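# Whatever this is, show me its structure:
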Amino acid sequence: MRRFICNSADVQKSAFIWNTCASMLNAFQTVFILMLISRIDPILDAGIFTIAFAIANLIMTVSRYGIRQFQASDVHEKYSFQTYRNWRAVTTLASIIVLCAYVGYCYGTGNYSYYKSIVVILIGFTKIIDAFEDVLHGMLQQKNHLDIAGKVLAVRMLIYIIAFLTLYYIFQDLIITAAGTFVISLLLFLYLNHIALENFSSEKKEQDIKNIFRLGKECFPLFLSSSLVMYIGNAPKYAIDTILNSEEQACFNYIFMPVFVIGLMSQFVYQPIIHKIAIIWNDGRIQELIRIILKQAALILVLTLFAITGGYFLGIPVLSLIYGVNLAGYKNELVILLIAGGMLAFVNFFQMIITVTRYQNWLIWGYFIGSAIFVLLGKYIVNQAGLLGISIFYALIVSGIAVLFAGMTVFIIIRKD
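Below you'll find the model as predicted:
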């Protein structure tokens, strides 16, 4: 295992391949899991897993604090690895407190059963492991070894998915399954990352508490932005969870899954080149940066058009077959959500560019406006127009943010040039 993780004949090629594999496994994990759950308990457990995974991803975002792209593009090492790691410990503790407080409130008010509460906490804890691992892999990417990070994540994700499917198939109980996979994920995290990091001993420096919190202050706009974009990405589910029943929540998640996959899959397009873009920006090679941006944007557009076309002709039959549920009445919603998924991919891409150029403060406004509109109108739209209405509403908001961030990127480049 040590030889496999640490040795790469071609680091750049290996980084692309394994980062792509890890991104695909991360994107498709819910697809595989829901394929099984929907055949055993398509209403209760499918609905609970859907909302638990959405909450867990939001909690993971809180813990990550939006720092990964900032850390990977810190080419002059303004902050040491110990500073990044110690701040992640602070945010991890905060995310655990937030998760437990939220679930405790929902259980205390009667909105969550004991079963649902435990499942949400356990899946949330598993995602918190992902969040802490992210800062370790950020250091590897900063040192141009995304290949090692990609291998570790791919192996851990593959084993996690297999373990989840096996345990749920045997016990048909989400608490047992989530508890077992949490322990497995924790042990894999400790073992695999020990191997990955043992050859990357960073210089130990006396930690200045002020410097740790200075990092937190500088990246606070990224934290707000990443939390708000995660909220926006899952806002339809939250609105549906409060208005409609578990069956409609599950059906919406089945057709929403390709959107989630597009968003995660788009990351493999630009994740390996964040460090390269940071160097190009710092060197002032603007024309080269423009070419990279146009190339990556064109690739995202092609992938989006391919997804929309495939979704229009094959989406509903394939999803119905995968999940064992009749989704024939949701074709319009699926196509609209696929368009929204493409726009979300552009949002994530332009956010990365804006972060690398260190204009991350600007991101807050787009996400804040989008989130505020969803908070004010989301439940009303679901109540009045159902799943089709919330799908259109979601697509409009994400498209607006994508256009805003594209405009910001153009302005930043003109200003630099």
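# which element follows the host helix or strand of Thr181 toward the C-terminus?
Using DSSP states H and E, Thr181 sits in helix 174-197. Heading C-terminal from helix 174-197, the first helix or strand you meet, by DSSP H and E, is helix 209-218.
# CA atoms of stretch 317-334 as CSV?
Provided in CSV are the C-alpha atoms of stretch 317-334 (Å, rounded to 0.1, in the frame of the first residue of the first chain):
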residue,chain,number,x,y,z
PRO,A,317,-35.7,5.8,-17.8
VAL,A,318,-32.2,5.3,-16.4
LEU,A,319,-33.0,6.9,-13.0
SER,A,320,-36.2,4.9,-12.7
LEU,A,321,-34.2,1.7,-13.4
ILE,A,322,-31.4,2.7,-11.0
TYR,A,323,-33.6,3.5,-8.1
GLY,A,324,-36.5,1.1,-8.8
VAL,A,325,-39.0,4.0,-8.6
ASN,A,326,-41.3,5.3,-11.4
LEU,A,327,-40.1,8.9,-12.1
ALA,A,328,-42.0,9.3,-15.4
GLY,A,329,-43.7,12.5,-14.2
TYR,A,330,-40.5,14.3,-13.5
LYS,A,331,-38.9,14.8,-16.9
ASN,A,332,-39.3,18.6,-17.0
GLU,A,333,-37.9,19.0,-13.5
LEU,A,334,-34.9,16.8,-14.4
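# what sits up against that stretch?
Identification of contacts with stretch 317-334 by Cβ atoms under 8 Å, 6 or more residues apart in numbering yields 31, 34-35, 38-39, 42, 250-252, 254-255, 257-258, 311-312, 315-316, 387-388, 391. Heads up, the C-betas are built off the backbone N, CA and C, glycines and all.
# follow-up on the earlier one: packing partners of the helix holding Thr181?
Counting contacts by 3 or more Cβ pairs under 8 Å, 6 or more residues apart in numbering; DSSP states H and E, helix 174-197 packs against helix 2-6, helix 44-64, helix 114-142, helix 146-171.
# And the contacts of stretch 142-149?
Stretch 142-149 is contacted from outside by 5-6, 8, 11-12, 14-15, 18-19, 22, 71-72, 74-75, 77, 81, 136-137, 140-141, 196, 200, 271-272, 275, using Cβ under 8 Å, 6+ apart.
# can we see that at 7 Å?
For stretch 142-149, the surrounding residues in contact (Cβ atoms under 7 Å, 6 or more residues apart in numbering) are 5-6, 8, 11, 14-15, 18-19, 71-72, 74, 137, 140-141, 196, 200, 272, 275.
# coming back round to it: may I see the ChimeraX selection of the buried members of the contacts of stretch 317-334?
To isolate the buried members of those in ChimeraX, using 16 or more other Cβ atoms under 10 Å:
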select :31,34,35,38,42,250,251,252,254,255,257,258,311,315,316,387,391
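# Next secondary structure after the lowest-mean-pLDDT helix or strand in the chain?
The helix or strand of the chain with the poorest confidence is helix 267-270; it has a mean of 69 (mean pLDDT, DSSP states H and E). Under the assignment DSSP H and E, the closest C-terminal helix or strand after helix 267-270 is helix 274-283.
# what's the next secondary structure element after that following helix?
helix 286-310.
# buried sites along the helix holding Thr181?
Buried, per 16+ other Cβ under 10 Å, within helix 174-197: 174-175, 177-182, 184-185, 188-189, 192-193, 195-197.
# next one: stretch 115-125
Here stretch 115-125 shows Lys116, Ser117, Ile118, Val119, Val120, Ile121, Leu122, Ile123, Gly124, Phe125 as buried, counting by 16+ other Cβ under 10 Å.
# Grab the nearest non-local neighbour of Ile184.
Leaving aside its sequence neighbours, Ile184 sits nearest to Ala163 (Cβ to Cβ, 6 or more residues apart in numbering; 5.0 Å).
# so what's the one you found up against?
Gly180, Thr181, Ile184.
# Just put these in TSV and tack on distance to Ala131.
Shown next, in TSV, are the contacts of Ala163 (distance: Cβ to Cβ, whole Å):
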residue	distance to Ala131
Gly180	20
Thr181	16
Ile184	17
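# can I get these in JSON lines with distance to Ser227 and pLDDT?
Output for these, formatted as JSON lines (distance: Cβ to Cβ, whole Å; pLDDT from 0 to 100):
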{"residue": "Gly180", "distance to Ser227": "29", "pLDDT": "98"}
{"residue": "Thr181", "distance to Ser227": "25", "pLDDT": "98"}
{"residue": "Ile184", "distance to Ser227": "28", "pLDDT": "98"}
